[in-house]
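Provided below are the primary sequence and the corresponding predicted coordinates.
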Amino acid sequence: MTTALRNGWRVLDLFSCSGGAGWGYHLAGFAVDGCDIADRPRYPFAYHRGDALDLLADLTTTGDIERYALIHASPPCQAGCALTVGTNQSQGWGGAHEDLVAPTRELLDKTGLPYVMEQPNGRAEIRKDLSLCGEMFGLGVLRHRNFELGGWAVGKPAHPRHRGYVRGYRHGVYRDGPYVAAYGDGGGKATVPEMQHAMGITWTDVHAELTEAIPPAYTRWIGSAFLTVRQEVIV
């Protein structure tokens, strides 16, 4: 992958949270612009606070979307995540959750640009064109994530067998293991420093941001694969 190919390639990181996805694209060679509805003072790149879909619609209408080579979106879909449809539902916890997957896809398709849409395991209505796991990258978390790829494709990497348990209590039984649980509190869940180390995230120490973050290794792999595909097209 040439330096010339990387220079000037920019990704729009929608629903960016603390920047786990954005940092991975940065490591792959992209310039990164983020957008999230919440204030994210620790986001490490250019940042727009506001509604991600409003920004995407505006950029598409004005034609400014053409400054980007790729769009990444991690729309909220708590209604379909594994926790909501599993433990929370069985216990009667939680309430109505917003599902922005379909409207996000509609706007992404209108841009005509290649995109990546990410969701955790669950019932979110996305194509699982790519599924990544921390074990693929030697990380201290499993954190399975699924990705729908629009306008481009890449082969699926092999999913290696997990080396053991996620450390902590489950159904009242404590198990040790090589992975930490980077979500929730108590019950053997990871501390903030453990989450930072396990996922390769150093720029934020906010617990809530770390529990939602994508390990940068995932999008570094995706961004590098995208650039390789584009280089083959250019050549």
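Structure received.

Walking through the chain, point out its strands one by one.
Taking DSSP state E to define them, one finds strands in the chain at 10-14, 31-36, 46-49, 70-73, 115-120, 130-132, 145-150, 168-170, 173-175.

now those strands in TSV, with distance to His162, mean neighbour count and mean pLDDT?
Using the backbone N, CA and C atoms, a C-beta is placed for each residue, glycine as well. Formatted as TSV, the strands of the chain follow (distance: least, C-beta to C-beta, whole Å; neighbours: other C-beta atoms under 10 Å; pLDDT from 0 to 100):
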stretch	distance to His162	mean neighbour count	mean pLDDT
strand 10-14	29	26	98
strand 31-36	31	22	98
strand 46-49	35	16	98
strand 70-73	26	26	98
strand 115-120	17	23	97
strand 130-132	14	19	97
strand 145-150	15	20	98
strand 168-170	14	15	93
strand 173-175	12	10	95
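
Which of those sits closest to Thr211?
Among the strands of the chain, the nearest to Thr211 by C-beta to C-beta is strand 115-120 (11.3 Å).

residues making contact with that closest one?
Strand 115-120 is contacted by residues 21, 70-75, 77, 80-82, 101, 104-105, 108, 126, 144-151, 214, 219, 222, 226 when judged by C-beta atoms under 8 Å, 6 or more residues apart in numbering.

Ok, stretch 144-160 next?
By C-beta under 8 Å, 6+ apart, the residues outside stretch 144-160 that reach it are 105, 108-109, 112-121, 124, 126-133, 135-136, 214, 218, 221-222, 225-226, 229.

Also stretch 165-182?
Residues from elsewhere that reach stretch 165-182, judged by C-beta under 8 Å, 6+ apart: 134, 140-143, 162-164, 187-190, 194-195, 198-199, 210-211, 213.

Repeat the analysis, applying 7 Å as the threshold.
Residues from elsewhere that reach stretch 165-182, judged by C-beta atoms under 7 Å, 6 or more residues apart in numbering: 140-143, 163-164, 187-190, 194-195, 198-199, 210-211.

ok, now which ones touch the closest residue to Ala69 other than its chain neighbours?
In space, and not counting its chain neighbours, Ala69 is closest to Trp9: 4.7 Å by C-beta to C-beta, 6 or more residues apart in numbering. By C-beta under 7 Å, 6+ apart, the residues touching Trp9 are Gly29, Phe30, Ala69, Leu227.

which one of these has the most neighbours?
Phe30 (28 neighbours; other C-beta atoms under 10 Å).

so who does that residue touch?
The contact partners of Phe30, by C-beta under 7 Å, 6+ apart, come to Trp9, Arg10, Val11, Gly223.

quick one on the thing from earlier: if I look at the residue nearest to Ala69, how far off is Ala21?
16 Å (C-beta to C-beta, to the nearest Å).

ditto for Ala153
In terms of C-beta to C-beta, Ala153 sits 19 Å off from Ala21.

got the contact list for the longest helix along the chain?
Assignment by DSSP state H gives helix 216-234 as the longest helix of the chain. Helix 216-234 is contacted from outside by 1, 5-6, 9, 20-21, 23-25, 27-30, 70, 72, 116, 132, 137, 139, 145, 147, 152, 154, 200-201, using C-beta under 7 Å, 6+ apart.

Next, the angle strand 31-36 makes with that helix.
130 degrees (axes from the mean of the first three to the mean of the last three C-alpha atoms, to 10 degrees).
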